[in-house]
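**Q** My questions concern the predicted model and sequence given below.
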Amino acid sequence: MRKNVNGLVNKVIEGDSLEVLKEFPDGSVNLIITSPPYFGCRVYGDETLGREKHPLEYVRNIFEFTKEFKRVLHENGSFYLNMMDVYFGTKGFGRVKGKYLRKTHENYKHHEIVEEDGKYLQNKQLLMLPQRVAIMMQEDGWILRNQNIWYKPNPCPNFSSDRRLPSYEYFYHFVKSRDYYFDWEAAKRLGHHQDVIRCGIESFKDHQASFPEKLITPFVFTTSREGDIVLDPFGGSGTVGVVCRFARRKYILIELNGKYCEDSRKRIASADGKNIMETYKKLGIKSIDVNSPNVRGNLMDEFGG
């Protein structure tokens, strides 16, 4: 039996989002913003997504999630899918060496990757994973409105002497119908009306791939209304929850890693909302003092904390 989604808002839910979402009613969320684990790059807990043997198995698994996302998304809602492409290579995809060795290197000693086939599966091959997922979604009925580029002026060191340094990720904007909510005027005021978005990366505690608040805030303000429900089914460090709390939206975060869930709850409760207040100013909305006890109390009571 599916639950009333109002009993799930403003919560960080620990669990597998594919299973948790089965309890959500159809069309119950207004906006989805998320970034699934990348293929062969990081380990966050006990997840299997991103640790498949074959990259196309990863594509199929991501697609299975998107089918459930489509069911729970409102007809006039939007879905932003953040994905980064990777190169085919050895186990753990090299993990970078020396001082750039990633913290998750040890976790990939036992990650079995399919052998090269001399065709698609060749060492140094860019796998085109985001595009493959996007095409499968289009064939499932999604409408792709933008292939936004998130340009990172401070990308993770991923040096190779025979190619250029990767410095961007995809931020696809999908909708279910041609009649969806989008605030063009807000997008212009926020300087968020073009499809290349410049924003530096930020890490939060032990989470090495967290969303920056400045990256997420314009998506929330341009494709949802106050009081709407925003879902992040791979909740990570809780950035979507932080933004929604001060943007007067309701949030639902689902995260498999218990430690990340606890860190997210603490982060959302203690956030100061300064980045979001700058957005209010750009939109010409009356600024509020987020440090006022009354304001903070009201925001926490009404929109979570």
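**A** Sure thing, it's come through.
**Q** Tell me where the stretch 51-200 of the chain has helices.
**A** 55-72, 129-139, 184-189 (DSSP state H, counting those that start in this stretch).
**Q** what pairs with the residue nearest the centre of the chain across the strands?
**A** For the chain, T34 is the residue whose C-alpha lies nearest the centre (CA atoms, centre = their mean; 2.4 Å). Beta-bridge pairing for T34 (DSSP bridges): L81.
**Q** just checking, it touches M83?
**A** No. Taking contacts as CB atoms under 8 Å, T34 lies outside contact range of M83: 9.9 Å. All C-beta atoms are positioned from the backbone trio N, CA, C, and that covers glycine.
**Q** follow-up on the earlier one: could you measure from the residue nearest to the centre of the chain over to S160?
**A** To S160, T34 is 29 Å away according to CB to CB, to the nearest Å.
**Q** how about the strands in the protein?
**A** 11-14, 29-34, 73-83, 143-151, 168-175, 196-198, 229-232, 250-255 (DSSP state E).
**Q** can you redo those strands as TSV with distance to P212 and mean pLDDT?
**A** Output for the strands of the chain, formatted as TSV (distance: least, CB to CB, whole Å; pLDDT from 0 to 100):
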stretch	distance to P212	mean pLDDT
strand 11-14	19	97
strand 29-34	13	98
strand 73-83	11	98
strand 143-151	10	98
strand 168-175	12	97
strand 196-198	11	97
strand 229-232	14	98
strand 250-255	16	97
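**Q** Take these and lay them out in JSON lines including distance to R2.
**A** Shown next, in JSON lines, are the strands of the chain (distance: least, CB to CB, whole Å):
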{"stretch": "strand 11-14", "distance to R2": "15"}
{"stretch": "strand 29-34", "distance to R2": "13"}
{"stretch": "strand 73-83", "distance to R2": "15"}
{"stretch": "strand 143-151", "distance to R2": "26"}
{"stretch": "strand 168-175", "distance to R2": "23"}
{"stretch": "strand 196-198", "distance to R2": "35"}
{"stretch": "strand 229-232", "distance to R2": "15"}
{"stretch": "strand 250-255", "distance to R2": "14"}
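**Q** Tell me which of those sits nearest to R189.
**A** R189 sits nearest to strand 196-198 of all the strands of the chain, at 15.2 Å, using CB to CB.
**Q** Other residues contacting the closest one?
**A** 148-151, 153, 171, 215, 218 (CB atoms under 8 Å, 6 or more residues apart in numbering).
**Q** so what strands line up beside that strand?
**A** strand 143-151 (parallel).
**Q** Next, the buried residues of stretch 149-163.
**A** Buried positions in stretch 149-163, judged by neighbour count with 16 or more other CB atoms under 10 Å: 149-150, 152, 156, 158.
**Q** Which one of those residues is nearest to K124?
**A** Ranked by distance to K124 (CB to CB), the buried residues of stretch 149-163 are led by N158 at 12.7 Å.
**Q** can I assume the closest one is in contact with P166?
**A** Yes. If you go by CB under 8 Å, N158 and P166 touch, sitting 5.7 Å apart.
**Q** Taking the contacts of strand 196-198 together, which two end up most distant?
**A** Longest distance between any two of the contacts of strand 196-198 is 17.1 Å, between P153 and P218; criterion CB to CB.
**Q** Relative to N123, which of the buried residues of stretch 149-163 is nearest.
**A** Nearest to N123 among the buried residues of stretch 149-163, with distances taken as CB to CB, is N158, at 15.3 Å.
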